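> Predicted structure and sequence below. I'll ask about it afterward.
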Amino acid sequence: MSGKTSRIVVLAAILALYAGWTAASWSSADFGYLHDDSLYLSSARSLAEGGGYVLPSLPSEPPQSKYPIGYPFLLSLLWRIEPDLPGLLRLVFGTHILLGCGFLLAAYVFLRQLGRSPRSSLALTALCALHPGISDVTRLALSDLPFMLLSLGSAVAAEKALREDPPNRWLTRWWAIAAMLACGAILTRSIAAAVVAGIFLAAVVRRAPKPAAAYAAICAAVFFASSGAPAELGVAAAQRYPGYEQTLLFYTDYVGFWRFSVPDWATLAEQVEFNAMQVLRTPAYLCFFLPVLGFASGALQVTGIVLSVGVMRGAFRGVSRESFHPVMGALFCYLPVVLLWNYSLADRFLLLFVPLFFHGAAAEVGSVLAPMRELLKPGGETGQRIAAGILSTLIVTILGYAAYLCLWAIPAGTREGVVERAALGRQKQQAYQPVVEVPH
């Protein structure tokens, strides 16, 4: 079997593992767990039934101007195929499996573009396939997974263009593909604008300003064309229901609600400080799952930050102007949005960068263990050998515990949560059953 054929076989096995691993924890009881999925599906149903892109659950059914239409439109197509629950949820999950397979393939290509060997790239892609965060966004009807696929695909296509296409042409085939995927990401999540800015930054750094400008212009046109004005049809309802203005703002206007939630500079400073601590720990969380340990003690805080710094140092070690990948540019432009956001979800927001973080963690662990192997060889100084043994044991312990959390503890908690939500769902159904009067 040739090397290329064997890689294809292993990739197929990884995709099958991902599908089976995620399906093992899927349940229709997950629906409604994070609230956003019910908003997506209700708006999608309205689209499928010809009612327009609105929020059916709010008074006056205002236009849905908060979430871009891309993901609800996809769900509306699935509504037309299967209009009943839980059949629709199974169809959504199957669609997400396909999207997740696309993301894993893009992750493999991305890791190869970073210079990793085929074997190392396959191993890190397998880690992505088993990642609990990626499993979560696959199981739930959220826009995260299609956004991740389209964003990473755009960055990979842009890197292909930067390597192969002339930098003085306004638009080439690979840049057109990158723009098309980026436009899809913009229609899926507004934060895709930061990804576009990062890819533009990487292209400018690598002396390709013309295609970068064309790429950014196309994406900007789609972004502004798809950005709806805050809902006006809800104004009448807001006047009828005291306090409804805040709710309407939350559901229809990202920027407006941010201004409402951050009324002064002191609030902004406190918010950025809190988010910065979350961001500092997130690479460690996404690679080693440290939050499961808790962050009550200062020692664990420091451990998480130190590991995150190591992950980032490994990710950017040896990066030059010519090897500055668009994904790295996207991370630079993405972080300010996460820091300024008034709803801290750094783990979900940065899930797109899991392949980059795994690359950094692998590079850093390798750089630490390589000299340790030399120091542990017979003939070295006893003190150095003891120190090397302690450090190596610590690293192996962290990796082993992370594997335990990823493969056992977190999935077990997910399964327990599904059972609890299923039981709660049955209780809700009983609560909504019509009361039957028994004749005396």
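Received, thanks.
> can you list the weak-confidence ranges in the stretch 301-440 of the chain?
Across the stretch 301-440 of the chain, the ranges flagged by pLDDT under 70 are 371-388, 425-440.
> change it to 50
Within the stretch 301-440 of the chain, the set of residues satisfying pLDDT under 50 comprises 432.
> could you pull out the helices for it?
326-340, 346-349, 354-375, 382-404, 410-431 (DSSP state H, counting those that start in this stretch).
> any chance of the ones you listed in JSON lines, with distance to Phe93 too?
(C-beta placed from N, C-alpha, C; glycine too.) Below are those laid out as JSON lines (distance: least, CB to CB, whole Å):
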{"stretch": "helix 326-340", "distance to Phe93": "27"}
{"stretch": "helix 346-349", "distance to Phe93": "18"}
{"stretch": "helix 354-375", "distance to Phe93": "20"}
{"stretch": "helix 382-404", "distance to Phe93": "26"}
{"stretch": "helix 410-431", "distance to Phe93": "13"}
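> closest one to Phe288 among these?
helix 382-404 (4.3 Å; CB to CB).
> Around the nearest residue to Asp165 once chain neighbours are set aside, count how many other residues there are.
Excluding the flanking residues, the one nearest Asp165 by CB to CB, 6 or more residues apart in numbering is Thr172, at 4.1 Å. Using other CB atoms under 10 Å, Thr172 has 18 other residues around it.
> separation between Thr172 and Ala212?
The gap separating Thr172 from Ala212 is 12 Å, by CB to CB, to the nearest Å.
> Residue ranges in the stretch 101-250 of the chain under the pLDDT threshold?
For the stretch 101-250 of the chain, residues meeting the criterion pLDDT under 50 lie at 231, 233-234, 236-237.
> Would you map the helices across it?
118-129, 132-139, 144-164, 173-186, 192-205, 209-226, 235-240, 244-252.
> Out of these, the one nearest Gly389 is which?
helix 118-129 (25.4 Å).
> quick check: angle from the closest one to helix 354-375?
130 degrees (axes from the mean of the first three to the mean of the last three CA atoms, to 10 degrees).
> got the contact list for the residue nearest the centre of the chain?
Nearest to the mean C-alpha position of the chain, by CA atoms, centre = their mean, lies Leu351 at 3.4 Å. Counting by CB atoms under 8 Å, 6 or more residues apart in numbering, Leu351 touches 133-134, 137, 144, 148, 286.
> and Ala44, how many neighbours does it have?
26.
> Oh, that last question was meant for Leu149, not what I typed.
Leu149, neighbours per other CB under 10 Å, totals 25.
> pretty sure it is in contact with Leu99, am I right?
Yes: the pair Leu149 / Leu99 is scored as a contact, 5.3 Å apart, by CB atoms under 8 Å.
> distance of the closest residue to Ala182 other than its chain neighbours from Phe357?
Counting by CB to CB, 6+ apart, Ala182 lies nearest to Ser154, which is 4.1 Å off, once chain neighbours are set aside. Ser154 sits 19 Å away from Phe357, going by CB to CB.
> That'll do, ta.
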